[in-house]
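Visitor: Quick one: sequence and predicted model below, then my questions.
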Amino acid sequence: MTTNSGHWEQIREKLREEYGEATFNSWLKNIELDRIEGEQVCMTLPTRFLRDWVLNNYANRLRQLWTTSDKSIKSVDIRVKPLDKKNIAPQKPTFGLGEVTAPFKSQAEAAAVPTNPDPSLMAPLDPRFTFENFVVGKSNELAHAAARRVAEAKDSVPFNPLYIYGGVGLGKTHLMHAIGHAIAANSPKKRVLYLSAEKFMYRFIRALRFKDTMNFKDQFRSVDVLMIDDVQFIAGKDSTQEEFFHTFNALVDQNHQIIISGDRSPTDLEGMEERMRSRLGWGLVADIHPTDYELRLGILQSKVEQGKITIDPRILEFLAHRITSNVRELEGALNRVLAYSDLVGRAVTLESTQEVLSDLLRANDRRITIEEIQKKVAEHFNIRMSDMHSARRARAVARPRQVAMYLAKQLTSRSLPDIGRKFGGRDHTTVMHALKKIEELRQQDVALSEDLELLRRMLE
Ligand code: ADP
Ligand code: MG
């Protein structure tokens with residue numbers, strides 16, 4: 001006759017086979033056989049979170065396996081393993097980086113929730129990054145609306161995950177922090193965890209080093225809302241990605257909200273596993289486009305109002321016109337101008353602005369946008385601007401479109417997928433094809449070669 005622990009060994013192996021290595025390691029590996037009391041098997045798990053999860057998801061199968069391998073067993077009980085005194089280190093390895101705040105709940109509240117994420121996991125939220133301080137324009141309205149929806153959802157999960165992407169300095173982090181602030185205000189009971197993908201990795205590696213991965217998993221998998229900023233950082237980092245994938249799945253399975261930001265769309269995340277990329281695109285994908293003039297001016301005006309600063313409106317218009325790269329640079333420019341006038345004790349003038357920002361202005365001038373290229377090329381070949389985005393394949397519009405793609409690649413630093421998006425959401429392979437085609441033609445067709453040269457000079 002097999003002993004109880006022999007039964008358990010066999011059942012364990014069965015579970016491993018049935019659910020696969022990853023699931024087994026995440027959830028089932030730490031189940032221990034405690035004792036058998038009459039018809040009942042008592043098993044333990046180290047944390048309440050794990051216990052609840054296993055009860056909800058694997059208890060039936062576990063009972064079936066027990067009752068078939070030992071006919072005297074009728075039920076299975078899973079408990080949280082009582083803490084073993086000698087295993088409690090006086091001071092756990094702290095994961096803190098020092099700069100940590102826990103904005104979501106009071107100490108007392110935090111203590112009341114046993115699976116509350118370690119406050120040191122949480123990156124601090126910038127108090128300025130609120131919805132009130134976020135200026136909405138055409139380029140960011142979708143991302144903003146989606147962020148609001150997620151922040152205001154009380155018991156539902158409107159889309160999972162919410163994936164926000166866009167270039168640097170366009171407000172991704174601002175929106176995520178705004179979600180954090182809003183949830184803290186509206187649903188203070190919700191456990192929210194915000195951190196960068198980089199920090200996620202750093203914590204994961206530490207957990208591995210301190211052999212504390214169970215705790216790590218618990219911390220992440222017990223939150224109601226998980227926000228991971230700059231996910232592109234873990235592209236190419238395979239084991240972190242793997243861990244993130246499991247965390248992600250566990251939270252989605254429990255219908256908990258995930259919000260992720262990246263610098264490009266999920267499909268364009270090179271170095272990210274295919275299954276991860278596809279998961280990231282499951283919910284709502286909202287991109288933030290580069291700003292337009294109105295939005296830039298609106299942002300400057302809002303900053304000036306918040307700071308109760310008096311400044312000639314023409315200076316703001318000048319900045320909105322000339323600093324087109326991103327909002328971070330725009331804010332930086334305004335701050336520099338204000339700091340300068342403060343230092344020298346004179347009001348800001350257009351001249352002093354130009355002087356103080358000469359380096360920044362030059363850098364912004366050199367940047368040619370894809371829109372400008374499209375406009376010039378469309379004018380030159382006498383087609384409509386809308387044909388740059390249209391699906392029409394007639395040679396008369398397709399060729400100029402290819403020329404514009406070619407120039408976009410040459411004159412800007414945008415990636416192929418980026419360029420494709422600007423041309424009516426075309427695939428990067430279409431762009432690649434256009435580049436090859438034009439390069440070929442350029443060698444054979446003198447007229448085209450001259451067109452290209454002329455356009456390039458006009459644009460530069
Ligand atoms: P990202 O995370 O996309 O790189 P951030 O969220 O850090 O960009 O934004 C950069 C700076 O620009 C921040 O100071 C942020 O407050 C500001 N900002 C960006 N977009 C807006 C906006 N629409 N309204 C107000 N401020 C903005
Ligand atoms: Mg950011």
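Guide: Yep, that arrived. What you see is a predicted model; the values in this text were computed from it and never measured. Ligands and ions are numbered 1, 2, ... in the order given.

Visitor: Quick check, pLDDT for residue 1.
Guide: On the pLDDT scale, residue 1 is placed at 52.

Visitor: what does residue 455 give?
Guide: For residue 455, the pLDDT comes out at 91.

Visitor: So it is in contact with residue 379, correct?
Guide: No. Under the criterion of CB atoms under 8 Å, residue 455 is not in contact with residue 379, lying 9.7 Å apart. In short, each C-beta sits where N, CA and C put it, glycine included.

Visitor: could you say what helices and strands the host helix or strand of residue 355 packs with?
Guide: Residue 355 belongs to helix 350-356 when assigned by DSSP states H and E. Counting contacts by 3 or more CB pairs under 8 Å, 6 or more residues apart in numbering; DSSP states H and E, helix 350-356 packs against helix 313-322, helix 327-344.

Visitor: okay, now the domains of the chain?
Guide: Per automatic domain parsing, the structural domains of the chain span 5-80, 104-288, 293-365, 370-459.

Visitor: Take the helices and strands packed on helix 350-356 and lay them out in TSV including distance to residue 295 and mean pLDDT.
Guide: Converted to TSV, these look like this (distance: least, CB to CB, whole Å; pLDDT from 0 to 100):
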stretch	distance to residue 295	mean pLDDT
helix 313-322	9	93
helix 327-344	8	92
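
Visitor: Any idea which of these gets closest to ligand 2?
Guide: Ranking the helices and strands packed on helix 350-356 by proximity to ligand 2 (CB to the ion) places helix 327-344 first, at 8.9 Å.

Visitor: which secondary structure elements does that closest one contact?
Guide: Secondary-structure packing of helix 327-344 (3+ CB pairs under 8 Å, 6+ apart): helix 293-306, helix 313-322, helix 350-356, helix 358-366.

Visitor: Could you list which residues are in contact with the one residue in the stretch 151-300 of the chain that gets nearest to ligand 1?
Guide: Ranking the residues of the stretch 151-300 of the chain by distance to ligand 1 (CB to the nearest ligand atom) places residue 171 first, at 2.8 Å. Taking CB atoms under 8 Å, 6 or more residues apart in numbering as the contact definition, residue 171 lies against 134, 140, 143, 288, 327.

Visitor: Swap in 10 Å and give it another go.
Guide: Residues in contact with residue 171, defined by CB atoms under 10 Å, 6 or more residues apart in numbering, are 129, 134-136, 139-140, 143-144, 147, 164, 178, 261, 288, 291, 295, 299, 326-328.

Visitor: May I have the phi/psi pair for it?
Guide: phi 110, psi 10 (degrees, to the nearest 10).

Visitor: The residue of the stretch 51-200 of the chain found nearest ligand 2: how many residues sit nearby?
Guide: The minimum distance from the stretch 51-200 of the chain to ligand 2, using CB to the ion, falls at residue 173 (3.2 Å). Using other CB atoms under 10 Å as the criterion, residue 173 is surrounded by 22 other residues.

Visitor: List the buried residues in stretch 122-138.
Guide: With burial defined by 16 or more other CB atoms under 10 Å, the residues of stretch 122-138 counted as buried are 122-123, 125, 129-131, 133-135, 137.

Visitor: Same question for stretch 201-215.
Guide: Along stretch 201-215, these residues count as buried under the neighbour rule (16+ other CB under 10 Å): 201, 203-204, 207, 212-215.

Visitor: what ranges do the strands span in the stretch 1-150 of the chain?
Guide: Listed from the start of the chain, the stretch 1-150 of the chain has strands (DSSP state E, counting those that start in this stretch) covering 32-37, 40-45, 75-80.

Visitor: and among the ones you listed, the most buried is which?
Guide: For these, the largest average neighbour count (mean count of other CB atoms under 10 Å) is found in strand 40-45, namely a mean of 19.

Visitor: ok and it relative to strand 75-80, angle-wise?
Guide: Interaxial angle, strand 40-45 versus strand 75-80 (axes from the mean of the first three to the mean of the last three CA atoms, to 10 degrees): 30 degrees.

Visitor: Now do the contacts for the residue most central in space within the chain.
Guide: Geometric centre of the chain, nearest residue: residue 261, 1.8 Å, by CA atoms, centre = their mean. With contact taken as CB under 10 Å, 6+ apart, residue 261 is in contact with 143, 162-166, 171-173, 175-176, 196-197, 227-232, 286, 288.
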